[in-house]
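Q: following is a predicted model, sequence given first.
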Amino acid sequence: MLEPAALNLSSRGNTLNVSTDLELASDFSPDSPNSLFDSTDEASPSARMVPAMLHAPPIPGLFFFPSILVPIEFADQVMRFCLDTYFPPSRPGVNQIMLFGTESIPLILHSLLSTMSSLLKPSLPPTIHTLLFPDTPTRERQVILNLYHPGEGITPHVDLLKRYDDGIVGVSFGSSCAMQFARVEQEESSSPMQLFLPERSMIVLSGEARYDWTHGIDKRAVDLVSDSESEWIVERGVRMSVTFRWLLPGANIVGDP
Ligand SMILES: O=C(O)CCC(=O)C(=O)O
Ligand SMILES: [Fe+2]
């Protein structure tokens, strides 16, 4: 048996599909092997821009609070640390990093977790808060960092079912973006729902939102955003997301038959 490297570097390639760690919408089925696999580099077929909402769509298990933000100075520190450490100019083309296990997670990301836990505690249902931030974790955490330049995105997917447990929480740093959600077996004719994720906001996927809906980010340099009265365009900058997930038992072993 091989233990995976604590630090896993990869590049999503020029068209920036995450290639290693997701379950593509079109490949999703309860019987799929959930193995790590390469995605194609095709652009999203949905070129039409659907306005992104400022509030969470009504998907059970999706929690999003647009006005709860990681404090700006701390967010700047996290972004600077991660860019310098994981995405330095000497590693051009690297745009995804995975850290496996508590010990490989640097102190600043442990501090980020405590900050997120305190910020979200008053608003999340207690069971969901405990799922994400238990006093005594029973599983290993995995952190995935994704770096996006304007025009880049991530193919709609469900996070790997055989690798990650329930309870996923992510933060946007450096830029906003619209994240899209579609039911796993959504009719092709219906448009995905778009949620606007401001810089420093957090999003939680649990239950139905984690298992029965895909999430993705269109490859765009701008997003169309709307509230009840108007629509406007928001330009994307360089965005880094930091997402915390729970590894299922045995999922940190690579090469097991
Ligand atoms: O960038 C994001 O916020 C989403 C990343 C994601 O869905 C993933 O890495 O599985
Ligand atoms: Fe994901």
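A: Arrived safely, thanks for sending. Ligands and ions are numbered 1, 2, ... in the order given.

Q: going by C-alpha atoms from here, please, whenever you check contacts or count neighbours.
A: Will do.

Q: can you tell me how far Gly61 sits from ligand 1?
A: From Gly61 across to ligand 1, the span is 15 Å (C-alpha to the nearest ligand atom, to the nearest Å).

Q: which residues of the chain lie near ligand 1?
A: Proximity of the chain to ligand 1 is confined to Leu22, Ile144, Asn146, Asp159, Ser241 under the rule C-alpha under 6 Å from any ligand atom.

Q: from those residues, which is closest to Glu231?
A: Ser241 (25.1 Å; C-alpha to C-alpha).

Q: re the thing from before, redo the residues of the chain next to ligand 1 as TSV? Include neighbour count and secondary structure.
A: Output for the residues of the chain next to ligand 1, formatted as TSV (neighbours: other C-alpha atoms under 10 Å; DSSP: H, G, I helix; E, B strand; the rest coil):
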residue	neighbour count	secondary structure
Leu22	24	strand
Ile144	18	strand
Asn146	23	strand
Asp159	22	strand
Ser241	22	strand
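
Q: residues contacting the residue lying closest to Ile68 once chain neighbours are set aside?
A: Distance criterion C-alpha to C-alpha, 6 or more residues apart in numbering; nearest residue to Ile68, sequence neighbours excluded, is Ser201 at 6.4 Å. Listed by C-alpha atoms under 8 Å, 6 or more residues apart in numbering, the contact set of Ser201 reads Phe65, Pro66, Ser67, Ile68, Leu69, Val70, Val171, Ser172.

Q: which PyMOL command selects the buried ones in those?
A: Entered in PyMOL, the line below selects the buried ones among the contacts of Ser201, by 16 or more other C-alpha atoms under 10 Å:
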select buried, resi 65+66+69+70+171+172
